[in-house]
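Participant: no sequence for this one, just the structure:
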């Protein structure tokens with residue numbers, strides 16, 4: 001996410017034709033990404049001097065955490081938590097699974113996703129001091145909702161609630177055009 005040409009739709013497309021799918025959300029992802037994480041990333045991974053790392057952490061955070069809705073928060077949070085995402089990716093590869101991350105949504109898909117795998121993935125996230133929630137497990141090629149897109153075999157479609165919302169907006173727009181509102 002946060003990369004030109006990638007979206008919640010391309011993220012969902014990565015999981016077409018999968019048998020099993022396990023989705024989870026990192027709870028309060030930006031508020032959980034605190035100033036100390038930013039400092040550690042700048043100092044240790046980006047190899048900045050301490051004063052530069054301090055300034056970077058201060059520039060990127062508000063009230064001691066990454067702000068929700070800030071354009072750089074998406075990329076910064078990914079890089080700050082890249083070790084966690086790399087660990088999850090290694091685990092997925094060990095089990096011949098596809099893994100994607102779209103901001104705070106982590107999705108695994110493949111032929112078979114065991115409960116033991118799901119528990120290990122949750123543990124990796126929790127060890128970083130993050131909490132996961134909104135667990136969804138889909139099996140047997142049933143339609144799956146992934147980052148707001150329904151994946152059904154190799155087809156992508158909008159969830160019913162999005163169709164309803166679009167319909168309501170079109171009706172309201174048509175009413176304005178016709179002078180009924």
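Facilitator: Yep, it's here. Every value quoted in this text rests on a predicted model; they were computed, and no experiment measured them.

Participant: Next one: the residue minimising distance to the centre of the chain relative to residue 176, how far apart?
Facilitator: Closest to where the C-alpha atoms of the chain average out (Cα atoms, centre = their mean) is residue 105, at 2.5 Å. According to Cβ to Cβ, to the nearest Å, residue 105 and residue 176 sit 35 Å apart. C-beta: built from backbone N, CA, C; applies to glycine.

Participant: State the number of residues packed around residue 12.
Facilitator: Using other Cβ atoms under 10 Å, residue 12 has 22 neighbouring residues.

Participant: Please identify which helix or strand holds it.
Facilitator: Per DSSP states H and E, residue 12 falls inside helix 8-13.

Participant: Give the rounded mean pLDDT of that helix.
Facilitator: Helix 8-13 shows a mean pLDDT of 92.

Participant: Okay, now the sheet partners of the very next helix or strand once past that helix, with direction.
Facilitator: Next in sequence after helix 8-13, counting helices and strands by DSSP H and E, comes strand 20-26. Strand 20-26 pairs in its sheet with strand 105-110 (antiparallel), strand 132-138 (antiparallel), by DSSP bridges.
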